[in-house]
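**Student:** no FASTA, just this:
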């Protein structure tokens with residue numbers, strides 16, 4: 001017996017499919033976010049998909065919205081059917097539905113911007129460039145990234161910094177001294 005369930009707490013999990021029963025025959029709870037596309041929105045989504053060019057996530061979200069559309073006599077498919085047709089998880093379908101209803105079509109198609117922003121430790125740091133251009137320590141022919149990172153900490157310019165941060169900062173300045 002094949003049983004598929006929606007993620008969430010166990011009391012709210014519904015049986016979506018059983019062996020020998022079509023997914024459309026299984027009673028489903030009312031959707032919290034119903035997708036109803038305007039004719040011009042539907043036309044734009046179909047045009048986007050028919051071109052086949054664009055970000056894969058954007059095209060998948062467009063397919064999700066077209067399958068979920070409940071406007072103008074369209075019944076709209078259940079999430080499990082959409083997940084199978086598009087090749088994404090049910091949770092993705094729920095998030096796309098929610099973003100469409102709450103924020104609009106363009107937002108539902110676009111990836112969500114990252115929630116966390118990390119402040120840059122070195123942003124075109126002049127002290128790093130000056131250090132890289134200075135003579136290397138005794139016994140060395142040139143600076144290494146790790147030596148530059150260690151020296152920046154020793155000199156008190158930053159609390160901590162990785163050699164990778166030093167590399168990307170120097171790369172942005174087009175410095176070829178190291």
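**Tutor:** Perfect, I can see it now. Not measured: the values here are computed from a predicted model. Residues are numbered from 1 along each chain as shown.

**Student:** contacting residues around the helix or strand residue 42 falls within?
**Tutor:** Using DSSP states H and E, residue 42 maps to helix 39-51. With contacts defined as Cβ atoms under 8 Å, 6 or more residues apart in numbering, helix 39-51 is touched by 37, 54, 58, 59, 62, 63, 65, 66, 69, 71, 72, 105. For glycine as for every other residue, the C-beta is placed from the backbone atoms N, C-alpha and C.

**Student:** change it to 7 Å
**Tutor:** Residues from elsewhere that reach helix 39-51 (Cβ atoms under 7 Å, 6 or more residues apart in numbering): 54, 59, 62, 63, 65, 66, 69, 105.

**Student:** which helices and strands does the helix or strand encompassing residue 84 pack with?
**Tutor:** Assessed by DSSP H and E, residue 84 sits inside helix 79-86. Here helix 79-86 touches helix 56-68, helix 90-103, going by 3 or more Cβ pairs under 7 Å, 6 or more residues apart in numbering; DSSP states H and E.

**Student:** Tell me which residues of the helix or strand following the last one come out buried.
**Tutor:** It refers to helix 90-103. Next along the chain after helix 90-103, taking DSSP H and E as the criterion, comes helix 105-109. Using 16 or more other Cβ atoms under 10 Å as the test for burial, helix 105-109 gives 105, 108, 109.

**Student:** and if you look at stretch 55-64?
**Tutor:** By neighbour count with 16+ other Cβ under 10 Å, stretch 55-64 contains the buried residues 59, 60, 61, 62, 63, 64.

**Student:** With pLDDT as extra columns, can I get those in TSV?
**Tutor:** Output for the buried residues of stretch 55-64, formatted as TSV (pLDDT from 0 to 100):
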residue	pLDDT
59	94
60	94
61	94
62	94
63	94
64	94
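
**Student:** Export those residues to JSON lines and append columns for distance to residue 93.
**Tutor:** Shown next, in JSON lines, are the buried residues of stretch 55-64 (distance: Cβ to Cβ, whole Å):
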{"residue": "59", "distance to residue 93": "15"}
{"residue": "60", "distance to residue 93": "10"}
{"residue": "61", "distance to residue 93": "9"}
{"residue": "62", "distance to residue 93": "13"}
{"residue": "63", "distance to residue 93": "10"}
{"residue": "64", "distance to residue 93": "5"}
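
**Student:** Among the residues you listed, which one sits closest to residue 174?
**Tutor:** residue 59 (37.0 Å; Cβ to Cβ).

**Student:** All set, thanks.
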